[in-house]
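A.B. asks: sharing a model prediction with you, sequence too.
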Amino acid sequence: MQKYLVVILVLVFIQCKEEPLDHNQLIDNNLNPVYYNHDLSQHNASNQLEITKHLEVLNHEKKNEIGKFELLGSWFGNLNENWISLNITSTSNQMVAGYIILDTTFKLFQGWYATADEIHFKIGLTENNNLNKHFYDLSLSLENMTLNGIVQLIDVEQVDSIFLEKRNYEYDVTLGTYPEFSQREISTSELDELSTNELIYITEEILAKHGLIFFNNETRDMFNHKKWYIPLNYRVNDLLTKIERNNLDKIYKYF
């Protein structure tokens, strides 16, 4: 009985911490690393095509400062017990569009925005899916870069509150615990000195830099706590640099 009580207390302690534990304590040795050429379901492959199109629009509007380009990008936080990334990819003609990643679930949205002072905005969004469609009544502040409001399932009385903060995605080779794996090719002798947990974490960190959506709950939670991470893509193999692919291929030989 005492043994079970200790386990429960440890789990509660982990859940209550604002930052996750060291990655070596979170990763299960029995797990294999995420492969950058991993298979996707037909559904998520279709979702990735939509994501790619939306990110191309976002990059075009940001580069050319189209519409209210300051609103563009990822707003990240929690909705109930789920992590949510609300990605505004277009703001043309007082309309907004983009996609949501709710843990691992993909949803498209469209809506409108209005502002009286160019700093504080009202935004109304509706999900594009046919079933269980939600309406988002939001207030956005460029002053403190927050997005908050309510989310309501249409035709249902239940209302949930939402609070998100801006996370700007920018690929940076200096990010992470092991930035050298994105900066130079790592020798086999260097890899031999690393533990299985470290090798698994390194593969995930490389992929996380490109916004990979993780399906493992612990891995997803660990990276969601990192300010530089934004879940954007179901597949990132086309985004990896040659150095990163070569290092990953070397690591995969250990499994």
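C.D. replies: Nice, thanks for sending it over.
A.B. asks: give me the pLDDT for the residue nearest to residue 93 when sequence neighbours are not counted.
C.D. replies: Leaving aside its sequence neighbours, residue 93 sits nearest to residue 67 (CB to CB, 6 or more residues apart in numbering; 7.2 Å). (C-beta placed from N, C-alpha, C; glycine too.) pLDDT, residue 67: 92.
A.B. asks: how much space between residue 67 and residue 117?
C.D. replies: Separation of residue 67 from residue 117 (CB to CB, to the nearest Å): 17 Å.
A.B. asks: also residue 64?
C.D. replies: The gap separating residue 64 from residue 117 is 24 Å, by CB to CB.
A.B. asks: residue 91 now?
C.D. replies: Taken as CB to CB, the span from residue 91 to residue 117 is 16 Å.
A.B. asks: for residue 172, give me phi and psi.
C.D. replies: phi -140, psi 120 (degrees, to the nearest 10).
A.B. asks: check contacts around it.
C.D. replies: Applying CB atoms under 8 Å, 6 or more residues apart in numbering, we find residue 172 in contact with 209, 228.
A.B. asks: and residue 67 and residue 117? which has more neighbours close in?
C.D. replies: Comparing residue 67 with residue 117 by neighbour count (other CB atoms under 10 Å), the higher total belongs to residue 67, at 17 against 8.
A.B. asks: all helices of the chain, in order?
C.D. replies: 2-16, 23-26, 42-64, 180-183, 188-192, 196-208, 217-224, 242-252 (DSSP state H).
A.B. asks: contacts for the longest one next, please.
C.D. replies: The reference is to helix 42-64. Identification of contacts with helix 42-64 by CB under 8 Å, 6+ apart yields 40, 66-67, 69, 72-73, 87-92, 97-99, 106, 108, 232-235.
A.B. asks: go through it and flag the buried ones.
C.D. replies: Using 16 or more other CB atoms under 10 Å as the test for burial, helix 42-64 gives 44, 47-48, 51, 54-55, 57-58, 61.
A.B. asks: over to the last one?
C.D. replies: Neighbour-count burial for helix 242-252 flags 243-244, 247-248, 250-251 (criterion: 16+ other CB under 10 Å).
A.B. asks: about what we covered before: in strands, which of the contacts of helix 42-64 appear?
C.D. replies: Using DSSP state E, 73, 87-90, 97-99, 106, 108 are the members of these that sit in strands.
A.B. asks: if we can go back for a sec, nearest to residue 194 among the buried residues of helix 242-252?
C.D. replies: Nearest to residue 194 among these, counting by CB to CB, is residue 251 at 8.7 Å.
A.B. asks: number of nearby residues for residue 229?
C.D. replies: 23.
A.B. asks: nearest spatial neighbour of it, skipping sequence neighbours?
C.D. replies: residue 223 (4.5 Å).
A.B. asks: tell me the contacts of that neighbour?
C.D. replies: So residue 223 contacts 204-205, 208, 214, 229, 231 (CB under 8 Å, 6+ apart).
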